[in-house]
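Participant: mind folding the following:
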Amino acid sequence: MQRIIGITIFLALMLAGCTGESYDSLHGESYSFVDQHGEEITFPDDYEGEILVVGYVYTKCPDICSIITANMRNIYDAMEDREQPVRFVSVTFDPKRDIPEQLQSYARTFGLDERNWTLLTGDVAEVDRFMERMGVRRALAGEEQDTFDLAAAGEDYIIDHSDRMTLLDGQANVREIYMGSRMPADMVIEDIERLLEER
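Facilitator: Model prediction:
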């Protein structure tokens, strides 16, 4: 009898291992931000149940950030059903200059649909904590790698940074990490549709 119970438990564990997947999760974590309208946002709690396409940019970037945002906009435009629980989020890693009004101007420049697209900024330490958690590397141009002290920077500086975009499911699990400036829209759409089918 004990042998049968042991075999049953073993098979159950094997099946669980075959069907279950483990993802890097932000569930239970909390980050305090402010959106482009000055509204307080708790990430990811305030987006519970929504699939999130998250990009990491700063508005004074001279090159790659514009490409990341344009690529995200292409993905957004390629979505056929805007009523699905999918939200696009751009988080700045330059909160010293990217205040809400600046983010709102950036959103207008790129023609972003603010009904389904949120731009986030916040306290420098909180933004740093989030970027480190998401694996986004940043350094002030001309400084040592990973030297990122905005308090010591003047008003005119350039940031070297990761080219990254992240896809989170409705339970705040990181499901995909992309090169933000180069990921083809159709491939991201396929991943979003797969997550929608899982709901």
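Participant: the helices in this protein, which residues?
Facilitator: 2-19, 64-78, 100-109, 124-133, 185-198 (DSSP state H).
Participant: now for the fourth one, which elements pack on it?
Facilitator: Contact partners of helix 124-133 among helices and strands, from 3 or more Cβ pairs under 8 Å, 6 or more residues apart in numbering; DSSP states H and E: strand 31-35, strand 86-92. Yep, even glycine has a C-beta here, placed from its N, CA and C like the rest.
Participant: is it possible to get TSV of the helices of the chain that adds distance to Tyr31 and mean pLDDT?
Facilitator: Below are those laid out as TSV (distance: least, Cβ to Cβ, whole Å; pLDDT from 0 to 100):
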stretch	distance to Tyr31	mean pLDDT
helix 2-19	31	38
helix 64-78	20	95
helix 100-109	16	97
helix 124-133	5	95
helix 185-198	21	94
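Participant: please identify the most buried of those helices.
Facilitator: Highest mean neighbour count among these (mean count of other Cβ atoms under 10 Å): helix 64-78, with a mean of 19.
Participant: now the spatially most central residue of the chain, which residues is it bridged with?
Facilitator: In the chain, the residue lying closest to the centroid (Cα atoms, centre = their mean) is Val54, at 2.5 Å. With DSSP bridges as the criterion, Val54 is bridged to Val89, Thr166.
Participant: give the contact list for it.
Facilitator: 88-91, 134, 165-168 (Cβ atoms under 8 Å, 6 or more residues apart in numbering).
Participant: how about those residues, which pair is most distant?
Facilitator: Taking every pair in the contacts of Val54 and measuring Cβ to Cβ, the maximum separation is 15.5 Å, between Phe88 and Met134.
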